[in-house]
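Q: Got a sequence here, can you model it:
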Amino acid sequence: MSQPHRRAVLAAGLVASAASAAHAAAPGTASGAPPAATTDFAALARDEAYWAKVGAFYDRPKDVIQLESGQFGSMPRPVLMAYEQKLERVNREGTLYTRTTLPADQRAVRLKIAAMLGVGADEIAFTRGGTESMQVLIGGYNKLKPGDAVLYADLDYDSMQTAMDWLGKRRGVKVVKIALPEPASRQNLIDAYEAAFTANPDVRMALVTHLSHRTGLIPPVKEIAEVAKRHNVDLLLDGGHALGQAEFRLPDLGVDFIGLNLHKWIQAPLGVGVVYIRRERLTEIDPSMFEPEGTTIDARSHTGTVNNGAILAVADAIDFHQSIGLPAKAHRLRYLRDLWAERLRDDPRVQVLTPNDAALHAGITSFRIKDKGSAQDVLGLKKALFEQHRIFTVERFGPAKGACIRVSPSFVNRPEDLDALVKAVTTLARA
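A: Modelled structure (predicted):
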């Protein structure tokens, strides 16, 4: 995707609305999930017969309860088959394909992504994942000058925190780190950013995570963006975990710079993401050092030779995702989350780290045993859950009040999986 002629082909005709993008995008080849019998999504979330049919499209590990679906999303079998077919074509036809018709096929995928997001196709570019998308934004943001400040929070992703610290070392800016409230509420999260911007009037850019990989917390992004605007602060939004898990429209967030991941909750093949830059703000992100000066978003993201089969299979992943529907997936994930989190919240020995507010969480939530938030404590708990109860989770470090265990069920997990987690944690908390 780095060759000038390919970039020109990709850029041609991409200034299109989301509606025209939806009309122009070629469909994928993967079959979809079975149709739901109702649009009552709260009821559908509890329809185990329906979700068993959806689950039949997935290969799952045996003899273990898999509650760590956060690192990446396993592809449903039809998407995996479509991906393999596309890989075979790239391998079979080689450069005869990649140097002729591939750009048009990539453009169709790009149009489909733009339609799903509700943005123009000229406002997104392919990356190899959410981290690379944020690298484009953090490293390329060109409005900072020595003496300015940047801000991030304890729940932001490790690599993004490191990148913000890099700005301090390389750009001569001050780096401000805040701890988000725990327990959190909509208002105290807004207040935390208001207080931080007021106390640090030199902050010009801030990192915000749409859905925290550490605890699952979803801050009120739109309201925080409004606070930031009043303080003349640009937000860079890390949307890696939110897309495909939480219900939102990208244009409604009020953020002009967003990094997104397609191989988590959209369940595309590993190694595909997109970066979004509102077209009116494009010049505020520098072109890649590998690119000549350019006026398109593609000049901001230089990935070199990529896995073209993975990019092409994104269309199939979107088709399968939309055959279930985001509202159905989001309600199911929140239902499964509540089955364990709200039951354990009543146990005084357990700290559940996201509030009982559907606007502030999706399917991911973390917990710790009270007064046992050290790395050693949490690693021991993770080990006990797996070795004694065959429940697979992941540890998360970084929250200001201590480490935790993250629980990330898939929408094809069953209620009895979460019942087993509650029983296991209750037993281990007594020890």
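
Q: my guess is Thr365 meets His213, correct?
A: No. Applying C-beta atoms under 8 Å, one finds Thr365 not in contact with His213, separated by 11.9 Å. C-beta: built from backbone N, CA, C; applies to glycine.

Q: Quick check: neighbours shared by the two?
A: Jointly contacting Thr365 and His213 under the rule C-beta atoms under 8 Å, 6 or more residues apart in numbering are Arg406.

Q: what about Ala359, neighbour count?
A: For Ala359, the number of neighbouring residues by other C-beta atoms under 10 Å comes to 11.

Q: these two touch, right, it and Pro219?
A: No. Contact criterion C-beta under 8 Å: Ala359 and Pro219 do not qualify, at 9.9 Å.

Q: Give me the residues contacting whichever strand or helix holds Ile258.
A: Element membership of Ile258, judged by DSSP states H and E, is strand 257-261. Around strand 257-261, the neighbours that count as contacts under C-beta under 8 Å, 6+ apart are 117, 127, 129-134, 136-137, 141, 234-241, 243, 250, 273-278, 281, 285.

Q: if you average pLDDT over the helix or strand following it, what comes out?
A: Reading on from strand 257-261 to the C-terminus, the next helix or strand found by DSSP H and E is strand 273-277. The average pLDDT for strand 273-277 rounds to 98.

Q: what separates strand 273-277 from the chain centre, distance-wise?
A: 11 Å (C-alpha atoms, centre = their mean, to the nearest Å).

Q: Neighbouring strands of that strand in the sheet, and parallel or not?
A: With DSSP bridges as the criterion, the sheet partners recorded for strand 273-277 are strand 124-127 (antiparallel), strand 257-261 (antiparallel).

Q: between these, which gets nearest to Pro76?
A: Between Pro76 and the strands paired with strand 273-277, the tightest spacing by C-beta to C-beta is seen for strand 257-261, at 17.3 Å.

Q: So which of the contacts of strand 257-261 belong to strands?
A: If you go by DSSP state E, these have Thr127, Asp234, Leu235, Leu236, Leu237, Asp238, Gly273, Val274, Val275, Tyr276, Ile277 in strands.

Q: top of these by neighbour count?
A: In terms of neighbour count, Gly273 stands highest of the ones in strands among the contacts of strand 257-261 at 30 neighbours, by other C-beta under 10 Å.

Q: one step back: farthest-separated two in the ones in strands among the contacts of strand 257-261?
A: For the ones in strands among the contacts of strand 257-261, with distances taken as C-beta to C-beta, the pair at the greatest spread is Asp234 and Gly273 (20.6 Å).

Q: Which pLDDT value belongs to Thr303?
A: pLDDT recorded at Thr303 is 89.

Q: can you check Pro292 too?
A: What the model reports as pLDDT for Pro292 is 86.

Q: Report the separation between the closest residue to it other than its chain neighbours and Gln388.
A: Residue nearest to Pro292 in three dimensions, not counting chain neighbours: Ala299, with 7.4 Å by C-beta to C-beta, 6 or more residues apart in numbering. Using C-beta to C-beta, to the nearest Å, Ala299 is found at 53 Å from Gln388.

Q: cool, and Arg278?
A: Distance, Arg278 to Gln388, using C-beta to C-beta: 50 Å.

Q: Between those two, point out the one with more neighbours.
A: The residue with the greater number of neighbours, taking Arg278 and Gln388 and applying other C-beta under 10 Å, is Arg278; the counts read 17 against 11.

Q: which strand of the chain spans the most residues?
A: In the chain, with assignment by DSSP E, the single longest strand is strand 203-209.

Q: Scan the helices and strands of the chain for the one with the lowest mean pLDDT.
A: Taking all helices and strands of the chain together, the one with the lowest average confidence (mean pLDDT, DSSP states H and E) is helix 18-24, at a mean of 36.

Q: any idea which helix or strand comes after it?
A: helix 41-44.

Q: List the buried residues in the next helix or strand after that next one.
A: Under the assignment DSSP H and E, the closest C-terminal helix or strand after helix 41-44 is helix 48-55. Under the neighbour-count criterion of 16 or more other C-beta atoms under 10 Å, helix 48-55 has Tyr50, Trp51, Val54, Gly55 buried.

Q: Next: stretch 179-190.
A: Leu180, Pro181, Glu182, Ala184, Leu189, Ile190.

Q: same question, stretch 344-359
A: Within stretch 344-359, the residues scored as buried using 16+ other C-beta under 10 Å are Leu344, Arg345, Asp347, Val350, Gln351, Val352, Leu353, Thr354, Pro355.

Q: Out of these, which comes closest to Arg110?
A: Thr354 (33.8 Å).

Q: how about the helices in the stretch 151-300 of the chain?
A: Taking DSSP state H, counting those that start in this stretch as the test, the helices found in the stretch 151-300 of the chain are 158-171, 186-199, 221-230.

Q: Out of those, flag the one nearest Ala45.
A: With respect to Ala45, and counting by C-beta to C-beta, the nearest of these is helix 186-199 at 22.8 Å.
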